[in-house]
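**Q** predicted coordinates and the sequence they were generated for:
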Amino acid sequence: NAGVTQTPKFRILKIGQSMTLQCAQDMNHNYMYWYRQDPGMGLKLIYYSVGAGITDKGEVPNGYNVSRSTTEDFPLRLELAAPSQTSVYFCASVPSTSGAYEQYFGPGTRLTVT
Amino acid sequence: GEDVEQSLFLSVREGDSSVINCTYTDSSSTYLYWYKQEPGAGLQLLTYIFSNMDMKQDQRLTVLLNKKDKHLSLRIADTQTGDSAIYFCASAPIQDDKIIFGKGTRLHILP
């Protein structure tokens, strides 16, 4: 298994540009999550999904959109990039059969908006 | 809302034990976790403890849970340079599909 993969690893955007951060997992996990990590601030949940076709907002959803058309993929869309969205973005997944919510994390996407 | 607090920085000499502390607010939390993040990488689950346990040991790692005080600690015995990382405490409230993370404790190893 490749686990949780994220692309791209790095990206620089200009203010107002749009992009999609890709996340995929090959472990047949139902639960998937998007976090952003700012220096010294820990992880903040952006959106999450408990299965294909179902998404919910997390703590900081403004400026982002998600979709979950398949179990494997959970892309995160930035429509109008702003400097406040400069961060490292992590995708994670959880096996739905796991009572312990063991999250498997991807390697992250470092995004800079200038 | 739910909150998880931990100190931001800990410095320990190589070979000594490291103790990283965490407090949480949600008494309904069923599982409590410790994750490790090395530079430039994602988070990796180190260990977790179920809320009806007081202690869990896994090789050099010992997790202690005090439910009354809502206090969780991670002890790393014989700290090595490879233990240098950020350690995140996290809790899973019973009524939620989400995990609440602390801000992370950066562990620095002194020679």
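**A** That came through fine.

**Q** ok, A:Ser84 to A:Leu78 distance?
**A** 11 Å (CB to CB, to the nearest Å). Yep, even glycine has a C-beta here, placed from its N, CA and C like the rest.

**Q** give the residues shared as contacts by these two.
**A** A:Gly63 (CB atoms under 8 Å, 6 or more residues apart in numbering or on different chains).

**Q** these two - which one has more neighbours?
**A** A:Leu78 (20 against 11; other CB atoms under 10 Å in any protein chain shown).

**Q** contacting residues around that one?
**A** A:Leu13, A:Ser18, A:Met19, A:Thr20, A:Leu21, A:Gly63, A:Tyr64, A:Gln85, A:Leu111.

**Q** what about the strands in the chain?
**A** If you meant another chain, say so; for now it's chain A. A:4-7, A:10-13, A:19-25, A:31-37, A:43-51, A:54-57, A:64-66, A:76-78, A:87-94, A:104-105, A:109-113 (DSSP state E).

**Q** to clarify, I was referring to chain B.
**A** B:4-6, B:9-13, B:18-24, B:29-37, B:43-50, B:55-58, B:61-66, B:71-76, B:85-93, B:100-101, B:105-110.

**Q** make JSON lines from the ones you listed and add distance to A:Ala2, mean neighbour count and mean pLDDT to it.
**A** Formatted as JSON lines, the strands of chain B follow (distance: least, CB to CB, whole Å; neighbours: other CB atoms under 10 Å in any protein chain shown; pLDDT from 0 to 100):
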{"stretch": "strand B:4-6", "distance to A:Ala2": "30", "mean neighbour count": "20", "mean pLDDT": "93"}
{"stretch": "strand B:9-13", "distance to A:Ala2": "34", "mean neighbour count": "13", "mean pLDDT": "97"}
{"stretch": "strand B:18-24", "distance to A:Ala2": "31", "mean neighbour count": "19", "mean pLDDT": "96"}
{"stretch": "strand B:29-37", "distance to A:Ala2": "20", "mean neighbour count": "22", "mean pLDDT": "89"}
{"stretch": "strand B:43-50", "distance to A:Ala2": "16", "mean neighbour count": "18", "mean pLDDT": "92"}
{"stretch": "strand B:55-58", "distance to A:Ala2": "26", "mean neighbour count": "12", "mean pLDDT": "92"}
{"stretch": "strand B:61-66", "distance to A:Ala2": "27", "mean neighbour count": "17", "mean pLDDT": "95"}
{"stretch": "strand B:71-76", "distance to A:Ala2": "29", "mean neighbour count": "20", "mean pLDDT": "96"}
{"stretch": "strand B:85-93", "distance to A:Ala2": "23", "mean neighbour count": "24", "mean pLDDT": "91"}
{"stretch": "strand B:100-101", "distance to A:Ala2": "24", "mean neighbour count": "22", "mean pLDDT": "89"}
{"stretch": "strand B:105-110", "distance to A:Ala2": "29", "mean neighbour count": "17", "mean pLDDT": "96"}
